[in-house]
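Visitor: Quick one, fold the following:
(chains A and B)
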Amino acid sequence: MFNNLLNNLLSKVIFTGLLTTTLLASPQLSAKGVYQSGPDFVAEVFAPQQPEPGVLWLNKSIRQEAEKILGRKVLGLRVRYHQSAGKTAWILNEIGKEMPITIGVVIDQGKISKVKILAYRESRGGEVRYPAYMAQYQGATLTEKYKLDKSIDGITGATLSVWAVNKVAALALYYHSQALPQPESTN
Amino acid sequence: MKSSNSIKTNIIWHRRIGLSVFLLLIFLAISGFALNHSPALKLNKISLSSSWLLSWYGLEKPLIKGFKLDDKWLYEDGSNLLYADKQAVATCSAPLLSVAKSSNTLYALCAETLHLLTESGQLLESFSQLDGLPNDVRAISAVDKSLYLITDSAVLEFNPESLALKPVSGIDPASLNAITDQLAVPESLEQELENSGPSISLETVILDLHSGRFFGQFGVLVIDIVGLLICILSISGLLAWINRLRQIKQ
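Guide: Numbering: from 1, shown residues only, chains lettered A, B, ... in the order given. From the prediction side, this is the model:
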């Protein structure tokens, strides 16, 4: 019990230290820009395999749940993804403060294996793109209430961007569960 | 005798000044109260966009232009939203460059994104530069069941199912008759967009009325004079009160 608490505390201290070091080492906090195109992200994620493209149609029930996760109206009747052997990659947009952030999310066997900011258009709050922050999402799954089962440490000054990434990560997990439904366990 | 005359003059002018600034004083008190409690009254959240007010402030409502495809209007509203008739369907970096219709799908090409819509105007999905849309696409055109993207240097065939692009040779872009000339949208649609475009908050209008700026330099001068008259009113009122005290004592 005590060891668990100590480990948890240590990991948080190390994460905060790493993040602070990264931020201090960064010459410019404004992170406006396109970091990777969608096709490049997909190719990198599945290399050396060739993933199959897929389309998830947003029927009424999927749309309702997606709107609950995002807390806003969902536009678009279908969403593209790529998949290979139980692994899916999603490229989704969510508004941080005023501009959309394009986020790539990879789900492997129902767990997040990678989250990456592909394009960031706000002038502030781009610290969410740093690997030390993104690594927190690895292994996260979806709870029954469509929230991430891991608590994600926020970043001062980038709260809205953090919320946007959290929502997109949860949405990608939900879309994955709809695109590749798990077979019912027969006990 | 002289003193009695000056007392009379003081009272006459006190009365005259009081009557002349009476209405303005009430207005200044009410508007000052409203400005003091602006956050609670949410005056900054109330947007005014009537034509005469905008023109008074030197703002102009942009003329909204768009494209008509069969019976449906597609246009960008001036705040980077794509509309299909009265419905906002997607974000659209201005300008809306071109539109086309192929089979049951409508296409709207914005500066950075190609939007695919159903016949009823619902967004199917968007294909952006991040997904592989070339950044120099300037028009789209549907011929038979194929959709062509016209760039500065090439013509590309777009597959709406796979979102793949394939270069096509031997097609003259001019022969594709892309729709790129915008028309002014009907007034009935413009009226629906009353809340988009430029607007002025009620707080700004009240503040400008309170300070006189609403009427330019002349208004500021009037409010300055009113301020001066209020000072004189206070002093003359005080003098009248003192004189009256003296008269009572005598």
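
Visitor: Bridged to residue 102, which residues?
Guide: If you meant another chain, say so; for now it's chain A. Note on residue A:102: beta-bridge partners by DSSP bridges are residue A:93, residue A:119.

Visitor: nope, chain B please
Guide: Beta-bridge pairing of residue B:102 under DSSP bridges involves residue B:105.

Visitor: The most centrally placed residue in chain A: what's it in contact with?
Guide: Centroid-nearest residue in chain A, with CA atoms, centre = their mean: residue A:169, separated by 3.2 Å. By CB atoms under 8 Å, 6 or more residues apart in numbering or on different chains, residue A:169 lies in contact with A:103, A:105, A:112, A:115, A:137, A:140, A:148. Yep, even glycine has a C-beta here, placed from its N, CA and C like the rest.

Visitor: The fifth one contacts residue A:113, doesn't it?
Guide: No - checked against CB atoms under 8 Å, the pair residue A:137 and residue A:113 is beyond contact range at 9.0 Å.

Visitor: of these two, who's got more company?
Guide: Neighbour comparison, residue A:137 and residue A:113: the larger count goes to residue A:137, with 24 against 17 (by other CB atoms under 10 Å in any protein chain shown).

Visitor: Based on its surroundings, how many neighbours for the nearest residue to that one once chain neighbours are set aside?
Guide: Nearest residue to residue A:137, sequence neighbours excluded (CB to CB, 6 or more residues apart in numbering or on different chains): residue A:115, at 4.4 Å. For residue A:115, the neighbour count with other CB under 10 Å is 24.

Visitor: Check the secondary structure at residue A:115 for me.
Guide: What DSSP: H, G, I helix; E, B strand; the rest coil gives for residue A:115 is strand.

Visitor: roughly how far apart are it and residue A:124?
Guide: Separation of residue A:115 from residue A:124 (CB to CB, to the nearest Å): 20 Å.

Visitor: Could you do residue A:92 as well?
Guide: Separation of residue A:92 from residue A:124 (CB to CB): 21 Å.

Visitor: same thing with residue B:111?
Guide: For residue B:111, the distance to residue A:124 - CB to CB - is 24 Å.

Visitor: so what does the one helix or strand residue B:217 maps to touch, helix or strand wise?
Guide: Assigned by DSSP states H and E, residue B:217 belongs to helix B:216-249. In terms of contacts (3 or more CB pairs under 8 Å, 6 or more residues apart in numbering or on different chains; DSSP states H and E), helix B:216-249 is packed against helix B:2-36, helix B:202-211.

Visitor: Could you pull out the buried residues of it?
Guide: For helix B:216-249, burial by neighbour count (16 or more other CB atoms under 10 Å in any protein chain shown) applies to B:223, B:226, B:229-230, B:233, B:236, B:240, B:243.

Visitor: Residue A:164 is in contact with residue A:152, correct?
Guide: No - counting by CB under 8 Å, residue A:152 does not reach residue A:164; the two are 11.9 Å apart.

Visitor: Between these two, which is the more surrounded one?
Guide: The residue with more neighbours, out of residue A:152 and residue A:164, is residue A:164; 25 against 15, by other CB under 10 Å.

Visitor: hang on, that one in a strand?
Guide: No - counting by three-state DSSP, residue A:164 falls outside a strand, being helix.

Visitor: Which pLDDT does the model give residue A:153?
Guide: At residue A:153, the pLDDT value in this model is 89.

Visitor: Quick check: it vs residue B:205, distance?
Guide: Counting by CB to CB - residue A:153 and residue B:205 are separated by 45 Å.

Visitor: what do you get for residue B:188?
Guide: Between residue B:188 and residue B:205 the computed distance is 28 Å (CB to CB).

Visitor: Looking only at neighbour counts, state which of those two leads.
Guide: With neighbours defined as other CB under 10 Å, residue B:188 and residue B:205 compare such that residue B:205 has more, 18 against 10.

Visitor: Flag every residue of chain B that's near chain A.
Guide: B:89-91, B:118, B:122-126, B:130-132, B:162-163 (CB under 8 Å from any CB of the partner chain).

Visitor: Nearest to residue B:247 among these?
Guide: Using CB to CB, residue B:91 comes nearest to residue B:247 of these, at 76.7 Å.

Visitor: The closest residue to the closest one other than its chain neighbours - how many residues pack around it?
Guide: Excluding its sequence neighbours, the residue lying closest to residue B:91 (CB to CB, 6+ apart) is residue B:80, at 5.8 Å. For residue B:80, the neighbour count with other CB under 10 Å is 13.

Visitor: Could you give the average pLDDT over the helix or strand residue A:178 falls within?
Guide: Residue A:178 is part of helix A:159-179 when elements are defined by DSSP H and E. Averaged across helix A:159-179, pLDDT comes to 94.

Visitor: CA-only coordinates of that helix in CSV, if you can.
Guide: The C-alpha trace of helix A:159-179 is given here as CSV (Å, rounded to 0.1, in the frame of the first residue of the first chain):
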residue,chain,number,x,y,z
THR,A,159,-6.0,23.7,-19.7
LEU,A,160,-8.4,24.0,-22.7
SER,A,161,-5.9,22.1,-24.9
VAL,A,162,-5.6,19.4,-22.3
TRP,A,163,-9.4,19.0,-22.1
ALA,A,164,-9.5,18.9,-25.9
VAL,A,165,-6.9,16.1,-26.0
ASN,A,166,-8.7,14.2,-23.2
LYS,A,167,-12.0,14.4,-25.1
VAL,A,168,-10.5,13.2,-28.4
ALA,A,169,-8.6,10.3,-26.7
ALA,A,170,-11.9,9.2,-25.1
LEU,A,171,-13.8,9.6,-28.4
ALA,A,172,-11.2,7.6,-30.3
LEU,A,173,-11.5,4.8,-27.8
TYR,A,174,-15.3,4.9,-28.2
TYR,A,175,-15.1,4.9,-32.0
HIS,A,176,-12.7,2.0,-31.8
SER,A,177,-15.1,0.0,-29.8
GLN,A,178,-17.8,0.7,-32.4
ALA,A,179,-15.6,0.0,-35.4
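
Visitor: can you pull out the helices in chain A?
Guide: In chain A, the helices defined using DSSP state H lie at A:2-25, A:38-46, A:60-70, A:131-134, A:159-179.

Visitor: picking up where we left off before, averaged pLDDT, the helix holding residue B:217. What do you get?
Guide: For helix B:216-249, the per-residue pLDDT values average out at 92.

Visitor: roughly how far out does that helix sit from the chain middle?
Guide: Distance of helix B:216-249 from the chain centroid (CA atoms, centre = their mean, to the nearest Å) equals 42 Å.

Visitor: picking up where we left off before, of residue A:92 and residue A:124, who's got more company?
Guide: More crowded of residue A:92 and residue A:124, by other CB under 10 Å: residue A:92, with 22 against 15.

Visitor: how about the spatially most central residue of chain B, what does it touch?
Guide: Residue closest to the average C-alpha location in chain B (CA atoms, centre = their mean): residue B:198, at 1.1 Å. Taking CB under 8 Å, 6+ apart, we find residue B:198 in contact with B:49, B:54, B:59-61.
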